[in-house]
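[1] The sequence and its predicted three-dimensional model are supplied below.
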Amino acid sequence: MGFYFVDPETYNKYKDEILEMSHAVQVNFQEHLPADKRQPGYSDKQIAEKLGLELKVVREIRCVAERDKYPLDEFEEAIRFKEKACLDYSVKGMSAVMEKYVKESKK
Amino acid sequence: MHASETESRTQQIKQFALDAGGDVVGIANPRDWDEHVPEGHRPYDILPGAKSVVVVGSRGPTAGAWRSPNHRVMEVNGYDFRNDAAIHRVADMIESDFDHLAIQAPGLPTGGHLPPMSMMLSAVLAGLGTRSLAANIILNPKYGLLYYSACITTLEFDYDGMLEQDVCPHHMCVESYRRFGKTPCMAACPSDNGGCLDGAIDDDGRIEYSYYDRERCVSRAMNFGINSFQKSLAQIVAEEDSERQSTMIHSDFFSRSCSAITNYKESVAQCFECMRVCPIGRTERKLQ
Amino acid sequence: MTAQNKIDFATAKSELAAIAGKSGALVSGVASAGAFDDAPEGYRPADILPHAKSVLVVGGAQPRAGDWQSPNYQHMEVTTTSDRMQTLALKMARFIEDRFSYYAVAVPAGVDRGQQPFMSISMAADLAGCGSKSLAGPVLHPEFGFMYYGAIITTMPLPADKPLDPPACPAPECVRMYEAEGTTPCLNTCPAKAGGCLDGRIEDGRFTERQYDATRCATRVQNYWVPGFQKVLGATLQEPDAEKQKMMLFSSMFSRTLWSMTYSNVAQGQCAECMRVCPVGYEYRTKN
């Protein structure tokens, strides 16, 4: 077999659920929030216990799903985003980001 | 131990950490992790018998780098890992001068993005900052964005505890949110327009809701590195046309991905747009 | 931090030189940010740091005399020391900001889009009088010869140095050799006409008509690095025989390439044969 990797069928079955339970999208992580509002995300071990899977499998699915979530297009878009944001700020300062919302608030 | 001895060595280690290159230093109680993270990710899971966690923070880009209109300058030079160098010296000093166990806490990821121990939480619990709306970055009241490393040790120091006052949101951001529905960081990278961030501020001026799309942030903050290398390689391997495959292999995108995985300092901290517009620490970045 | 109106810039320059010297630099100098007309637009100091006034250059971290004497050419392939000057440049940028309250950016040693350097550090070294351009390519200091350089762009108006006159290259020995034999040590070691990288002439004690095959030089200086990795990857992916493919992936060439990529901070300068025979700084490459 060589090195361990997850089979595609298992991956596709659990990837969305595991990613949602992980730290991929972080909601209300702030420490000052009350315990009932915080959603700190689960460790691989906690996810494995909840889903009845082996820890190794959960870790592997999570790792692949993290990579898989966005296509390479998003990485190209990132170049465009940063180039524009950095240049705009060097010319316009804070209004580069706030202008749009200031205008909307006046409508 | 006599109380004044603990206080004295606490002062000593803090000054040493600052002299070693840290901009800020704080000390946390390992038991404070119990409330925040599951088993396996607490200081005493890494070093049994841990009594203290010394946390050092250091600045990343220079004020001049923030002013460059070329975002690639900070992509390449944004983080020089000075905090790691300082924490190694702290750990060395504790073991040699105090004869107690001390280790650099493992902050690098070991399973996907997950590290054995969170340096961000370490900074919060050591009183060096609070978690912000901007990508959950821990903002220091004076410097804003800092990078953190931690030393776990069996030596007991006086603890600092968490800050009582939230650093984020800044009062300007509270005002901005109330008037325009966005803070500057949310406006710079809005999740409702292809970005990573969203949130809400309550009537008391505190964060009541925060949203952070980490995987999208990875495509920006780790634009060229391990992630882009793996993803490009998958595309390259699957390409059947040998000429197209060759141009993909030798493309600027893949070349930059390759060089980023060779120069580790280049492979992280590649997007600063939420921090660029953050008012916290702004005075430290304005020299003239 | 010193108030700007109290700074004597000549004294500040001396202080910076002293700090650089204590931190391992052999030489330092300053070029005016406005002197980079020969650099293409987009690659000048003010393109990286708006309102840049000066470029501080530090040089040092030469290979040691023992390194040059090793008969094993592979020794220097894995022990080059360019990272030390880059580390120093980052430190100096931080120092300028903290001490004098002027903006400063260390010129990244990495590459910008299209595999282009952000700014020519060699040009900066030449303009700052830290060395002069040579027929072989590297900037040579008249006393120390070949060394590595780092550059810091700053808004601080430091007194500028001038390019060296006469330049370090060609050395008197090379002028005599060219008159007698029509070649110099570096041209003779790596002649473009016989599969090497260099060609040129010496007229009236100055070199002219320099030819430099940068692409060929890269196959030697970056013998095992990203370009080699990309080539092996391309060849491997196009190999239909699985057994041969395995041989290629496990080959010493590919393995060496991966090692060099991982340890790129010490393994990027993998050919120095033109410098081995250069008379400039020769006494620093030998011992009694």
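    That came in fine, so what should we check first?
[2] Every contact and neighbour count from this point should use C-alpha atoms.
    Will do.
[3] do the lengthiest helix in chain C and chain B meet?
    In chain C, ranked by residue count with DSSP state H as the criterion, the top helix is helix C:82-100. Yes: counting by C-alpha under 8 Å from any C-alpha of the partner chain, chain B has neighbours in helix C:82-100: C:90, C:93-94, C:97.
[4] Just name the closest of those residues to chain A, please.
    Of all those, chain A sits closest to residue C:97, with 19.7 Å by C-alpha to the nearest C-alpha.
[5] if I read this right, the closest one contacts residue C:91, doesn't it?
    No: the pair residue C:97 / residue C:91 is not scored as a contact, 10.2 Å apart, by C-alpha atoms under 8 Å.
[6] These two: who's more crowded?
    Counted by other C-alpha atoms under 10 Å in any protein chain shown, residue C:97 and residue C:91 do not tie: residue C:97 has more neighbours, with 23 against 19.
[7] pLDDT score assigned to that one?
    In this prediction, residue C:97 carries a pLDDT score of 96.
[8] Need the nearest residue in space to it, chain neighbours excluded.
    Closest residue to residue C:97 apart from its sequence neighbours, by C-alpha to C-alpha, 6 or more residues apart in numbering or on different chains: residue C:103 at 5.6 Å.
[9] What is the distance between the helix or strand bottoming out on mean pLDDT in chain B and the centre of its chain?
    Ranking every helix and strand in chain B by mean pLDDT, DSSP states H and E puts helix B:71-77 at the bottom, with a mean of 87. Relative to the centre of its chain, helix B:71-77 is centred 17 Å away, using C-alpha atoms, centre = their mean, to the nearest Å.
[10] Do that helix and chain C come into contact?
    Yes: applying C-alpha under 8 Å from any C-alpha, one finds that helix B:71-77 is in contact with chain C at B:72-73, B:76-77.
[11] Next, count neighbours for the closest residue to chain C within chain A.
    Closest contact between chain A and chain C, by C-alpha to the nearest C-alpha, is at residue A:90 (9.2 Å). Around residue A:90 there are 17 other residues, counting by other C-alpha under 10 Å.
[12] where's it, which helix or strand?
    Secondary structure assignment for residue A:90, by DSSP states H and E: helix A:72-92.
[13] List the buried residues of that helix.
    By neighbour count on 16 or more other C-alpha atoms under 10 Å in any protein chain shown, the buried set for helix A:72-92 is A:72, A:74-75, A:78-79, A:81-90.
[14] try stretch B:108-117
    Under 16+ other C-alpha under 10 Å, the buried positions of stretch B:108-117 are B:112-114, B:116-117.
[15] tell me, which of these make contact with chain A?
    B:112-113.
[16] Identify the farthest-apart pair in the buried residues of stretch B:108-117.
    Maximum pairwise distance in these, criterion C-alpha to C-alpha, is 13.5 Å, between B:112 and B:117.
[17] now the strands for chain A?
    According to DSSP state E, chain A carries its strands in the segments A:25-27.
[18] Now do the same contact list for the residue nearest to the residue of chain A closest to chain C when sequence neighbours are not counted.
    Computed as C-alpha to C-alpha, 6+ apart, the closest residue to residue A:90 that is not its neighbour in sequence is residue B:69, at 5.6 Å. Applying C-alpha atoms under 8 Å, 6 or more residues apart in numbering or on different chains, we find residue B:69 in contact with A:86-87, A:89-90, C:47-50.
[19] hang on, the earlier thing: by contact count, what packs against the following helix or strand past the least confident helix or strand of chain B?
    Next helix or strand after helix B:71-77 toward the C-terminus (DSSP H and E): helix B:82-98. For helix B:82-98, the elements it packs on are helix B:3-19, strand B:52-58, strand B:102-104, strand B:147-153, judged by 3 or more C-alpha pairs under 8 Å, 6 or more residues apart in numbering or on different chains; DSSP states H and E.
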